[in-house]
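>>> Need a 3D model of the following:
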Amino acid sequence: MLYWLTELSDGGDFFNLFRYITFRAGGAFLTALVFGFLFGRPLIAVLRRKQGKGQPIRDDGPEGHFAKAGTPTMGGLLIVGALATSTLLWARWDNPFVWIVLGVTLAFAAIGFADDYAKVSKQTTAGVPGKVRLLLGFLIAAIAAYFSTINHPEMLQNQLAVPVLKDVLLNLGVLFIPFSIIVIVGSANAVNLTDGLDGLAIMPVMIAGGTLGIIAYAVGRVDFTEYLDVHYVPGTGELLIFTSALFGGGLGFLWYNAPPAAVFMGDTGSLALGGALGAIAVATKHELVLAIVGGLFVVEALSVIIQVLYFKRTGKRVFLMAPIHHHYEKKGWAEPQIVIRFWIISLILAMIGLATLKVR
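I've put the predicted structure just below:
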């Protein structure tokens, strides 16, 4: 919205700064961060008062988690609120990719909110039925994938870009939309599975989001795409503002989510942020790179899939408990130890993902 201030500029004054994506991205980061610090404590107080017993704890979970009973959930409202406010304030409203990614974020947040509400109101770990969540997720992702596709350059429509190899495009044709749906829904649910320890999910989301933001800015500038040898996708540079807001809002939330957490993200936050990462990857034509920078989420999701399939087939478990962060809890790792090490892994994967932007 503040981009409109450029109409007051004569080309060499303060208002001219609002033309620059980097300036507005900095503004979005600070706005989201301040939003988190201002509204974090009041929101937690409201959630604690409304929820009473807080998020239900699984009976079969690690023993250390029973001490967390009474901690309120739905803290994702703080992140999504900061993210949406900052994006609407600092991003250009005439950019379709901003609306696509923001729409996915808010829609998945609504699904997560309904799930969290069902859990706390009924004091059960079973919220909205999984099939309903998936069906709604598929519908949202299909709409987002369609609008992303029609806003891509004609030569890139329905094409799957291969990292590093700019000249290689795989024409998926009618399968591109289903593929994109899997990317978005898979990302949302993978982040949801990762959100099991204090601070575990939010930092890797911020790292992956920041990495995708840099990529979005790069592929949205024709001069950068030529230098970095990546495909040019006009308009995606504006997503740097969204990811900067995500980073600021994430830091504001982490202030209260750091061990011991005063509030949990809940499905409200994890589904929203995971969906956002998937939508950005589809918009920027970096779906495969998401599997790298979000590799931690991939491993968490795979650990659950492997555990379930192997148990159904043999009656035995591969991991002591899934997702895999619970496996390490069962092995005796302290919660902060798991969280910090997983953060380090996420940062390493982000560096690898950025390396796909090869410099000639």
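
>>> Let me know the pLDDT of Ile21.
Looking at Ile21, its pLDDT stands at 94.

>>> actually Tyr217, not the one I wrote
Note on Tyr217: pLDDT of 96.

>>> Now for it: which residues touch it?
21-22, 224, 236-237, 239-240 (C-beta atoms under 8 Å, 6 or more residues apart in numbering). Placement of C-beta: from N, CA and C, glycine included.

>>> now, among those residues, which is nearest to Leu212?
Among the contacts of Tyr217, Leu239 lies closest to Leu212 (C-beta to C-beta), at 7.7 Å.

>>> Can I take it that the closest one is in a helix?
Yes: the assignment for Leu239 by DSSP: H, G, I helix; E, B strand; the rest coil puts it in a helix.

>>> List the contacts of it.
Contacts of Leu239 (C-beta under 8 Å, 6+ apart): 97-98, 101, 212-213, 216-217, 220, 280, 283-284.

>>> go again using 10 Å as the cut-off
Leu239 makes contacts with 21, 25, 87, 91, 95, 97-98, 100-102, 209, 212-213, 215-217, 219-220, 233, 246, 276, 279-280, 283-284, as judged by C-beta atoms under 10 Å, 6 or more residues apart in numbering.

>>> re earlier: where is pLDDT lowest across the contacts of Tyr217?
Out of those, that is Phe224, at 89.

>>> So it versus Thr284, what's the distance?
Separation of Phe224 from Thr284 (C-beta to C-beta, to the nearest Å) stands at 12 Å.

>>> try Val233
Where Thr284 is concerned, Val233 sits at a distance of 6 Å (C-beta to C-beta).

>>> Now for the two: what residues contact both?
By C-beta under 10 Å, 6+ apart, the residues touching both Val233 and Thr284 are 97, 148, 152, 161, 216, 218-220, 239.

>>> Tyr20: neighbour count?
Look at Tyr20: counted by other C-beta atoms under 10 Å, it has 11 neighbours.

>>> before we move on, back to that, just the ones of the contacts of Leu239 in strands?
Of those, none are assigned to strands by DSSP state E.

>>> Name only those of these that count as buried.
Buried subset of the contacts of Leu239 (neighbour count, 16 or more other C-beta atoms under 10 Å): 21, 25, 87, 91, 95, 97-98, 100-102, 209, 212-213, 215-217, 219-220, 233, 246, 276, 279-280, 283-284.

>>> what packs against the helix or strand of the chain with the lowest mean pLDDT?
Least confident helix or strand, the chain: helix 222-228 with a mean of 88, by mean pLDDT, DSSP states H and E. The contact analysis (3 or more C-beta pairs under 10 Å, 6 or more residues apart in numbering; DSSP states H and E) places helix 222-228 against helix 202-219.

>>> Can you show me the CA trace of the helix it packs on as CSV?
Output in CSV follows, covering the C-alpha atoms of helix 202-219 (Å, rounded to 0.1, in the frame of the first residue of the first chain):
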residue,chain,number,x,y,z
ILE,A,202,9.8,-21.6,13.3
MET,A,203,13.5,-21.1,12.7
PRO,A,204,13.8,-23.5,9.8
VAL,A,205,10.7,-21.9,8.3
MET,A,206,12.4,-18.5,8.6
ILE,A,207,15.6,-19.8,7.1
ALA,A,208,13.8,-21.5,4.2
GLY,A,209,11.5,-18.4,3.7
GLY,A,210,14.5,-16.1,3.7
THR,A,211,16.3,-18.3,1.2
LEU,A,212,13.2,-18.4,-1.1
GLY,A,213,12.9,-14.6,-0.7
ILE,A,214,16.4,-14.1,-2.0
ILE,A,215,15.6,-16.5,-4.9
ALA,A,216,12.3,-14.7,-5.6
TYR,A,217,14.1,-11.3,-5.8
ALA,A,218,16.8,-12.8,-8.1
VAL,A,219,14.4,-14.4,-10.5
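
>>> Relative to Pro323, which of the contacts of Tyr217 is nearest.
Among these, Leu239 lies closest to Pro323 (C-beta to C-beta), at 28.4 Å.

>>> now that closest one, nearest residue through space, not along the chain?
Ala216 (3.9 Å; C-beta to C-beta, 6 or more residues apart in numbering).

>>> distance of the one you found from Pro234?
Ala216 is 12 Å from Pro234, by C-beta to C-beta.

>>> Give the intersection of the neighbour lists for these two.
Phe97.

>>> now the angle from the helix or strand harbouring Ala190 to helix 202-219?
Assigned by DSSP states H and E, Ala190 belongs to helix 176-194. Going by axes from the mean of the first three to the mean of the last three C-alpha atoms, to 10 degrees, helix 176-194 is angled at 150 degrees with respect to helix 202-219.

>>> Flag every buried residue along helix 176-194.
176-177, 180-181, 183-194.

>>> Does the residue nearest to Leu239 touch His286 like I think?
Yes: taking C-beta atoms under 10 Å as the definition, Ala216 is a contact partner of His286 at 8.4 Å.

>>> Lovely, talk soon.
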